[in-house]
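Asks: here is a sequence together with a model predicted from it:
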Amino acid sequence: MSKIKLAEHVIETVQAICAQYNNEEGELINVLHGTQSKLGYLPAEVQELIAKELDMSVAKVYGVVTFYSFFTMTPMGKHPISICTGTACYVRGAEQVLEEFKRQLKLEVGKTTDDGKFSISCLRCVGACGLAPVVMVGEKVYGRVSPQQVRKIISEYQDGCPSHAE
Amino acid sequence: MEMIKLTIDKKPVVVKPGTTILDAASSIGIKIPTLCHMKLHDMGIENKPGGCRVCVVEVEGRRNLAPACVTKAEEGMDINTHSMRAINARRTVTELILSDHPAECLTCAKSGECELQDLAQELGIREIHYEGEQSHYREDTSPAIIREMDKCILCRRCEMMCNEVQTVGVLSAVNRGFDAVVAPAFEMNLDHSACTYCGQCVAVCPTGALTEVDHTGAVIRALSDPSKTVIVQTAPAVRAALGEEFDLEAGTLVTGKMTAALRRLGFDYVFDTDFAADLTIMEEGTEFLDRLNRHLKGDKDVQLPILTSCCPAWVKFFEHQFPDMKDIPSTARSPQQMFGAIAKTYFADKINVKREDLVVVSIMPCVAKKYESAREEFATDGNPDVDFAITTRELASLIKLANLKFNSLPEEDFDQPLGESTGAGVIFGATGGVIEAAVRTAYEIQTGKSLEKVDFEQLRGLEGVREATVDVDGLELRIGIAHGLGNARKLLEDIRSGKSNFHAIEIMSCPGGCIGGGGQPYHHGDDSVIKKRFEAIYKEDAGKAIRKSHENPHIVKLYEEFLGKPMSDKAHHLLHTNYFDRSNKIES
Ligand code: SF4
Ligand code: SF4
Ligand code: SF4
Ligand code: FES
């Protein structure tokens, strides 16, 4: 596997999280959780660093990362697309909306496009059932989305469209 | 201590508190079937995830069946190990395991030795009532070990061995549910990991999920090539275990029959790694005395303790995990590699055969020897010193292929000159043996006196870490011995922190030393087998006419004719090596 050097500030962040849990092996899940919420994902190099800090084998760390579907090793896209698949959204066609995003971006759920722009994930109910089906791109919420609107939503985030650049 | 009384299958039994139902039953001769569980009593090694539930038994008055391997015996329990319910449950879980298992017994490397196959047979399973998807996982081939995870039943014995016993930490259960397997971090291949190839995971895997790379085909090809001269060396531990493959009692020495079998297989010369073990002692012993005497003279730069270096898994272990200490082990190559280097120079010249036309095969109790023989530094112009290293098990299958009735073969001797060995060479096969062999020679060279008694009982035994002192004419030598890499790690950490005051330390990766190697006949969790091999090794030593390496006449001649002195330039070039920092390869 590639041995990319981690940036200094990433190393410090991870070390600080480990230290917060006294570098205890038993706190691995909390350390992973804390790290993922800071970095967004858990790349191999970060897992190696955590293994070193907690003095345990990296195979065990990877074992835990792959056991819980919450943890991810792929970075989220610059514009993470989340589709609510809670009951209300589901009955009002979230499934078809999700399929349309997948088809247009040629992307599976949990994956990121090669250019790092988009990733797709599913959400449990976001509490906006009145707007079902709901799609979020980053922080922005779209309500009553139909499969026909998908192309337009994506195009808002393509290059050359400054209105929505962050 | 208050003892516990219970009945199992209507037989009364009394056990110590804390005993499992499984052990209680076995103490009165009742064998409850198991699959995931494994226990090596004397070595303190146990795998008990309690996961497979093949061992369930009926406990009178309890609603649920109890897994015998993890349930403690209790006062007054009334247990039925073969009630209808227990048998049905056992068959159900076995069928479920088989429903996600390839039906490849006919062509599987483990067939005949497979615990899953045996279980299905014992339970009389003729049909699998559950149909489900089968999981598929890519095959992973390394220089020594093949992983075929389709055959994995997730007992996690390998994980326990790799993490708790060896502390290498390469293997872990990863993923969840249907996708779960045991794998290295990031599911990389074994040869990208810090795996030492000790093979202890192979030694305990109940199925064909982990096996050694098979070189028997290549050996047969070499043997049938008329342009090649094919010679063979046999490691000390092989003769103490090979008989088990032919239903002989564990601990039966088969040195003579093994030699006869190798000759009938068509090897042109049948030689002995024990010869090279004697040579190792000459080099390593001399290096040790050199360091010791400089230390005694007050030289502060000298590195002590010296560590033995004949175990390739141990070498790879410190290269990955203790690279800062890579100057401490002896630079002497292992006996396998010394043999190869001498065979392809000295011996090739003697019989007038070109290096490329000489094929050196080793019979080893070890899977790491396959990796060692493939290390780049042990080759000249791409031609390896040792062409193929095969395990004791692979030799057994070659013997079976050649239609030999092993047990009725005559006893034959090794060929000369590389077949002559001493008792010191033999004991390399057991933990403590290398250092005892070294002491026998070092004592006599250091003092100029002859030993009255060559047996150093204080160095023998099967405890994981041992310490002993040897009186060398007033000088007290402090010796440490560890077998199993977890035990080695303890001694290394002591050295690193300056707590160690040993002069010399012997390390073997496998429990028991080479006799418990990853390439030996499967022990199936019965560690009395290892003990019997241990006794056999010392018996062979005691029966040898010569028991000190430096008195091996062919070793003496080899130095006279070819090498000069121990540690000479030529000896350095052919018989010593250096080590590499592999820590940046991948850390674990
Ligand atoms: S692992 Fe065992 S049960 Fe599976 S195919 Fe091989 S011999 Fe048969
Ligand atoms: S060979 Fe040894 S080090 Fe490698 S995976 Fe198996 S037990 Fe671990
Ligand atoms: S590889 Fe073998 S020892 Fe390891 S979990 Fe699978 S079946 Fe058990
Ligand atoms: S052998 Fe007891 S649970 Fe597997």
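Replies: Great, that's in hand. Residues are numbered from 1 along each chain as shown, chains lettered A, B, ... in the order given. Ligands and ions are numbered 1, 2, ... in the order given.

Asks: for the spatially closest residue to B:Asn501 that is not a sequence neighbour, give me its contacts.
Replies: Leaving aside its sequence neighbours, B:Asn501 sits nearest to B:Arg478 (C-beta to C-beta, 6 or more residues apart in numbering or on different chains; 6.1 Å). For every residue, glycine as well, the C-beta is placed using N, CA and C. Residues near B:Arg478 by C-beta atoms under 8 Å, 6 or more residues apart in numbering or on different chains: B:467, B:469, B:501-503.

Asks: ok, 7 Å please
Replies: B:Arg478 makes contacts with B:469, B:501-503, as judged by C-beta atoms under 7 Å, 6 or more residues apart in numbering or on different chains.

Asks: taking those together, which two end up most distant?
Replies: B:Thr469 and B:Asn501 (10.9 Å; C-beta to C-beta).

Asks: can you list the residues of chain B near ligand 1?
Replies: Residues of chain B found near ligand 1 (C-beta under 6 Å from any ligand atom) are B:101-102, B:104-105, B:108, B:110-111, B:114, B:116-117, B:151, B:207-208.

Asks: I'd like these written out as CSV, with neighbour count, secondary structure and distance to ligand 2 added.
Replies: Converted to CSV, these look like this (neighbours: other C-beta atoms under 10 Å in any protein chain shown; DSSP: H, G, I helix; E, B strand; the rest coil; distance: C-beta to the nearest ligand atom, whole Å):
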residue, neighbour count, secondary structure, distance to ligand 2
B:His101, 22, coil, 21
B:Pro102, 15, coil, 22
B:Glu104, 14, coil, 22
B:Cys105, 15, helix, 24
B:Cys108, 18, coil, 19
B:Lys110, 22, coil, 16
B:Ser111, 12, coil, 21
B:Cys114, 21, coil, 18
B:Leu116, 23, helix, 19
B:Gln117, 19, helix, 22
B:Lys151, 22, helix, 16
B:Thr207, 22, coil, 15
B:Gly208, 23, coil, 15
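
Asks: take the contacts of B:Arg478 and keep only those in strands.
Replies: Counting by DSSP state E, these place B:Thr469 in strands.

Asks: ok, and the most crowded of the contacts of B:Arg478?
Replies: Of all the contacts of B:Arg478, the most densely surrounded is B:His503 (23 neighbours; neighbours counted as other C-beta atoms under 10 Å in any protein chain shown).

Asks: quick check: that one vs B:Glu452, distance?
Replies: 22 Å (C-beta to C-beta, to the nearest Å).

Asks: how about B:Asn107, phi and psi?
Replies: Slight slip there: residue B:107 is Thr, not Asn. phi -120, psi 10 (degrees, to the nearest 10).

Asks: for burial, what's the neighbour tally of it?
Replies: B:Thr107, neighbours per other C-beta under 10 Å, totals 8.

Asks: pLDDT score for it?
Replies: On the pLDDT scale, B:Thr107 is placed at 95.

Asks: before we move on, what SS does B:Leu6 have?
Replies: Three-state assignment for B:Leu6 (DSSP: H, G, I helix; E, B strand; the rest coil): strand.

Asks: leaving out sequence neighbours, find the closest residue to it.
Replies: In this structure, B:Leu6 finds its nearest non-sequential neighbour in B:Met77, 4.0 Å apart by C-beta to C-beta, 6+ apart.

Asks: which element is the residue nearest to the spatial centre of chain A on?
Replies: Most central in chain A under C-alpha atoms, centre = their mean is A:Met76, positioned 4.3 Å from the mean C-alpha point. Applying DSSP states H and E as the criterion places A:Met76 outside every helix and strand.

Asks: could you give me the average pLDDT of stretch A:79-92?
Replies: For stretch A:79-92, the per-residue pLDDT averages 88.

Asks: and stretch B:40-47, by the same measure?
Replies: Stretch B:40-47 shows a mean pLDDT of 86.

Asks: again with stretch B:370-377
Replies: Averaging pLDDT along stretch B:370-377 yields 96.

Asks: any buried residues in that stretch, and which?
Replies: Judged by neighbour count using 16 or more other C-beta atoms under 10 Å in any protein chain shown, the buried positions of stretch B:370-377 are B:370-375.

Asks: JSON lines for the residues you listed, including secondary structure?
Replies: Formatted as JSON lines, those follow (three-state DSSP):
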{"residue": "B:Lys370", "secondary structure": "helix"}
{"residue": "B:Tyr371", "secondary structure": "helix"}
{"residue": "B:Glu372", "secondary structure": "helix"}
{"residue": "B:Ser373", "secondary structure": "helix"}
{"residue": "B:Ala374", "secondary structure": "coil"}
{"residue": "B:Arg375", "secondary structure": "coil"}
